[in-house]
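[1] Build me a model:
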Amino acid sequence: MTQARKKTAEDAGISGVSGRYWHRISDGRLQCDVCPRFCKLKEGQRGLCFVRARANDEIVLTTYGRSSGFCVDPIEKKPLNHFLPGTPVLSFGTAGCNLACKFCQNWDISKSRELDRLQDSASPAAIAKAALETGSLSVAFTYNDPVIFLEYAIDVAVACHERDIKTVAVTAAYVEKEPREEFFRHMDAANVDLKAFTDRFYWKVCGGHLEPVLETIKYLKHETDVWIELTTLLIPGENDSEAEIDEMTQWIMEQLGPDVPLHFTAFHPDWKMLDKPCTPLQTLTRSRDIALKNGLRYVYTGNVHDFKGASTYCYQCGEMLIGRDWYELSTWTMAVDNHQGSCSACGTPVAGIFERLPGQWGARRLPIHIAA
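    As a prediction, this is how the structure comes out:
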C-alpha cells in the first residue's frame, strides 16, 4: 500500500516573506502569535486570516507587497474627524481578516480566499512616493485589518515617515501584546472598530472576544501617542439597545476620558446579514445623545446624511467648530497653533491633530495605480 504524501506548502501554492511572532509547540506545529486566535499550523496550512501560513517550516506573510487597490479618500471616510480634517489620505488593503464578522461591509476583500484579487503590487517606497505625489498627508491601512499584514504595513510606515507622511490604521484591534507594541509604534492615528460591548456579540457574530479589543484600546490611549477614534456600527436588534450603549459609553468615559471621538454608524444589509434592516437615524441620534449625556465630548453619526451629527462642536460654549455635509467641510471656526486646536469663540481646547486651515479634498474618491 502506498503511503499518502504529506501536504506541503508547495502543494498548497504558498509562498511569502518571513513573518514575525510565532513559535513551535510540542507537537511540531507552529503557533502564530499575532492575534488571540493562536492558529496552530502544519506545513502547507493557513491561519484563519488566510494570509499568514506555514511554508518551509516558518510562518510567512503571503500578501507582502500586494494590494486589492489604492485610492485617495477623504480622511473623514476612515472615519477620523479630529485628525487632519479635510485632507486626502492614500488608502489600501490586502486580503483576509482575523475576525469573521457576518456583517462585514468589505467582505469581498477581507473574506477573500482568492489571492489573484490582489491585482496591484507596490513597494513601501513606491507607496510613500505616491502619497507625496497625490498630496496625501497620510497613508491608511484599511479595507481589511492591517494587523494581519503588519510586516508590510510597518515597512510602508517607515517609508512614509521618511517623507513626513503620517500613517493611519483602521483596525478591529484584535491583536496580541508584542505585535501590537511594534505595530502601533509606527502609527500616527487609528480608528478602532469597537463592534459591540458584549462578548456574546463578539463570539456569535464575529468569532472573537471583546476583552482583547478593550485591552488594546486602553493600551493605545494610555501607553502610546497614537491619536485614536472609535467606531461602532449599530445593527438593529444586535448591539443597539439603550442599555448596551449606556454601558459602553460609560466605560469609554471612565477608562479613556471624554476626548476620544466616538462614531455611531449605520448598518446596511451585507454578506451574511441580509435579514437585518438598515439602522434608523433615530437609533443613531439616540445613541449619540446617550454618549453625550455620559460625558463624551465628540460623538458622531455616520453612513447617513445628518449634518448636526457629523459636525464638531465646542463642548464648552456650543459653537460649531467644523461643519460637515457628508465628507464636505463647511464651517471652520477653530484657531490652530502647532497642530493644537481651540474654539475661536471661547478659547476652549479641541482634542485632535489639526492643520492651521482645513483641507479642501472634499468627498472625492480617486483610484490610482502605483508602479511597483
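[2] which residues sit in contact with residue 304?
    Shown in contact with residue 304 (CB atoms under 8 Å, 6 or more residues apart in numbering): 266, 279, 281, 284. Yep, even glycine has a C-beta here, placed from its N, CA and C like the rest.
[3] how about the helices of the chain, start to end?
    Per DSSP state H, the chain carries helices over the ranges 107-110, 124-133, 150-162, 177-184, 199-201, 211-223, 242-256, 281-293, 307-310.
[4] quick one: contacts for residue 371?
    122, 126.
[5] can you list the domains in this structure?
    17-61, 66-314+356-368 (automatic domain parsing).
[6] first vs last residue of the longest one, how far apart are they?
    The first residue of domain 66-314+356-368 is 14 Å away from its last residue (CA to CA, to the nearest Å).
[7] could you give the mean pLDDT of it?
    Domain 66-314+356-368 shows a mean pLDDT of 94 in the predicted model.
[8] Tell me the gap between that domain and the middle of its chain.
    Taking CA atoms, centre = their mean, to the nearest Å, the mean C-alpha location of domain 66-314+356-368 is offset from the chain mean by 3 Å.
[9] need the contact list for the nearest residue to residue 355 once chain neighbours are set aside.
    Of all residues not flanking residue 355 in the chain, residue 84 sits nearest, at 5.9 Å (CB to CB, 6 or more residues apart in numbering). Each residue near residue 84 by CB under 8 Å, 6+ apart is listed here: 75, 137-138, 166, 353-355, 359.
[10] Swap in 10 Å and give it another go.
    75-76, 137-138, 166, 168, 188-189, 227, 339, 352-355, 358-359, 361 (CB atoms under 10 Å, 6 or more residues apart in numbering).
[11] and stretch 323-333, how far apart are its ends?
    Stretch 323-333: ends 9 Å apart by CA to CA.
[12] neighbouring contacts of it?
    73-77, 79, 81, 85-86, 300, 302, 304-314, 319-322, 343-345, 354, 357-365.
[13] Which of those residues fall within strands?
    Judged by DSSP state E, the contacts of stretch 323-333 include 73-74, 300, 302, 312-313, 320-322, 343 as members of strands.
[14] Is it possible to get CSV of the residues you listed that adds neighbour count and distance to residue 218?
    Converted to CSV, these look like this (neighbours: other CB atoms under 10 Å; distance: CB to CB, whole Å):
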residue, neighbour count, distance to residue 218
73, 21, 28
74, 25, 29
300, 25, 22
302, 21, 24
312, 27, 25
313, 19, 27
320, 18, 31
321, 25, 27
322, 24, 27
343, 21, 28
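[15] Save the residues you listed as CSV, and put in distance to residue 213 too.
    Converted to CSV, these look like this (distance: CB to CB, whole Å):
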residue, distance to residue 213
73, 24
74, 26
300, 20
302, 19
312, 26
313, 28
320, 32
321, 30
322, 28
343, 33
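[16] quick check, nearest of those to residue 161?
    Of all the ones in strands among the contacts of stretch 323-333, the one with the least separation from residue 161 (CB to CB) is residue 73, at 20.2 Å.
[17] Which residue, other than its chain neighbours, is closest to that closest one?
    The shortest distance from residue 73 to any non-neighbouring residue, by CB to CB, 6+ apart, is to residue 91 (4.9 Å).
[18] From residue 299, how far out is residue 146?
    Plainly put, residue 146 is 26 Å away from residue 299 if you go by CB to CB, to the nearest Å.
[19] Which one of these two is surrounded by more residues?
    Counted by other CB atoms under 10 Å, residue 146 and residue 299 do not tie: residue 146 has more neighbours, with 27 against 23.
[20] List the contacts of the closest residue to the more buried one other than its chain neighbours.
    Leaving aside its sequence neighbours, residue 146 sits nearest to residue 153 (CB to CB, 6+ apart; 4.5 Å). If a contact means CB under 10 Å, 6+ apart, then residue 153 has 64, 92-94, 124, 139, 141, 145-147, 167, 169, 171, 183, 186-187 as its contacts.
[21] what do you get for residue 235?
    Going by CB under 10 Å, 6+ apart, the list of residues near residue 235 reads 102-103, 195-196, 201, 205, 266-269, 273, 276-279, 283.
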